[in-house]
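Visitor: pasting the sequence and the predicted coordinates here, then a few questions.
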Amino acid sequence: MNNMKNLKILFADDDLKYVMILKRFLEAEGYEVFYAGNGRIALEQYPEVNPDLVLLDINMPEMNGYEVARQIREHDRHVLIFFLTDRSDKTDRLEGFKVRANDYLAKPFYPEELIARIKERFDMIGEQVETETYQFGHTTFDYTNNELRTRANKVMITSRQAEILKMLARNLNVVVSREQLLEQIWGDSSYANSLALNVQITYLRKALKEDASVKIESLMKKGYVLKG
């Protein structure tokens, strides 16, 4: 995590004048701010910027803020996401937290309020120094950093794969039902999500192939079990 002065912020909002005002306040704090005029551009910039914080408007052309957040969370569980929006309806807030946003500021707000929220969040992160790890077979699974280590071999997995593996690792050698995995990780057990689970299990098996003592077994009509 960057220190507060080197904080990188990706700011996606189609209201250029509004963004430039906030950008000046943020840069005065020493933060580095990258501007994206809509959701699609934000996703394109995301890998290169590698931000510590993403500020997202909800109503944007080409791709709304919720969809941007969903796609970011597919690959990054740790980056902070704040929604900045003039939509303050309860259902909008619930949708924001459903895609695992960290905060929600309703416009209009004072720039000082945003800066205070940023500092509070990063102070909280600074206090969370412990990593969450699991051991099975000859493999160490670092859930905090989406990393698998087997002897000298290191493999990075996606956040969604890490969520699946965490559930299996917490129930080592015990069957975890498909319904549990789908409800916990996707939120529902639709056919499309069921297919997605099959794909993610395939990727996890490939990621674990260096450790012959570990395997994910499928039990017909029951679920999956991590053995190691």
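Guide: Nice, I can see it.
Visitor: where along this protein do the helices fall?
Guide: 16-28, 39-49, 65-75, 90-98, 111-127, 159-170, 178-181, 191-207 (DSSP state H).
Visitor: what's next to the third one, contact-wise?
Guide: The one in question is helix 65-75. Residues outside helix 65-75 that contact it (C-beta atoms under 8 Å, 6 or more residues apart in numbering): 12, 39, 42-43, 46, 54, 56-60, 79, 81, 83, 85, 95-96, 99-101, 158-160. To be clear about C-beta, it is placed using only N, CA and C from the backbone, and glycine gets the same treatment.
Visitor: in it, which residues are buried?
Guide: 65-69, 71-73 (16 or more other C-beta atoms under 10 Å).
Visitor: any stretches of this structure with poor pLDDT?
Guide: 1-5, 87-98, 124-130 (pLDDT under 70).
Visitor: tell me the centre residue of this structure?
Guide: Nearest to the mean C-alpha position of the chain, by C-alpha atoms, centre = their mean, lies Arg77 at 2.5 Å.
Visitor: how about it, nearest residue that isn't a chain neighbour?
Guide: Closest residue in space to Arg77, ignoring its immediate chain neighbours: Ser159 at 3.9 Å, by C-beta to C-beta, 6 or more residues apart in numbering.
Visitor: how close does Asp57 get to Asp14?
Guide: For Asp57, the distance to Asp14 equals 7 Å [C-beta to C-beta, to the nearest Å].
Visitor: of those two, which one has the most company?
Guide: Taking other C-beta atoms under 10 Å, Asp57 and Asp14 do not tie; Asp57 has more neighbours (25 against 16).
Visitor: contacts only, for the more buried one.
Guide: 12-15, 65, 83-85.
Visitor: and Met220, by the same measure?
Guide: Met220 neighbours (C-beta under 8 Å, 6+ apart): none.
Visitor: before we move on, what about Asn64?
Guide: Counting by C-beta under 8 Å, 6+ apart, Asn64 has contacts 39, 58.
Visitor: picking that back up, in strands, which of the contacts of Asp57 appear?
Guide: 12, 83-85 (DSSP state E).
Visitor: looking at these, which is nearest Ile185?
Guide: Phe83 (22.0 Å; C-beta to C-beta).
Visitor: any idea how far the closest one is from Glu44?
Guide: Taken as C-beta to C-beta, the span from Phe83 to Glu44 is 20 Å.
Visitor: these two: who's more crowded?
Guide: The neighbour comparison of Phe83 against Glu44 (other C-beta under 10 Å) goes to Phe83, with 25 against 11.
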